[in-house]
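Peer 1: No letters, just coordinates:
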């Protein structure tokens with residue numbers, strides 16, 4: 001998931017899983033790649049977070065799932081050819 005390195009960076013806040021998926025899918029499309037499905041994304045991201053030491057917080061009452069101490073970059077990073 002090298003695209004994840006393009007859309008996330010260390011930060012002080014937390015980012016909702018749905019926002020991470022949206023940025024991921026948008027970046028994939030910008031690079032002409034097909035994103036994995038929304039159903040597969042949480043497991044793939046959880047594995048990546050475990051390897052990178054990124055904490056995941058699940059809020060009670062189904063308020064959301066968040067990645068901690070990361071932030072999304074403002075816009076997808078276009079690759080140079």
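Peer 2: Everything's here; your move. The model shown is predicted, which means the values in this text are computed figures rather than measured ones.
Peer 1: Just give the closest residue to residue 70, not the sequence neighbours.
Peer 2: residue 8 (5.0 Å; C-beta to C-beta, 6 or more residues apart in numbering). For glycine as for every other residue, the C-beta is placed from the backbone atoms N, C-alpha and C.
Peer 1: Next one: that neighbour relative to residue 23, how far apart?
Peer 2: Separation of residue 8 from residue 23 (C-beta to C-beta, to the nearest Å): 8 Å.
Peer 1: go on, residue 63?
Peer 2: 20 Å.
Peer 1: Which one's more surrounded, these two?
Peer 2: residue 23 (21 against 9; other C-beta atoms under 10 Å).
Peer 1: And what about that one, helix, strand or coil?
Peer 2: helix (DSSP: H, G, I helix; E, B strand; the rest coil).
Peer 1: residues contacting it?
Peer 2: 7-8, 72-73, 76 (C-beta atoms under 8 Å, 6 or more residues apart in numbering).
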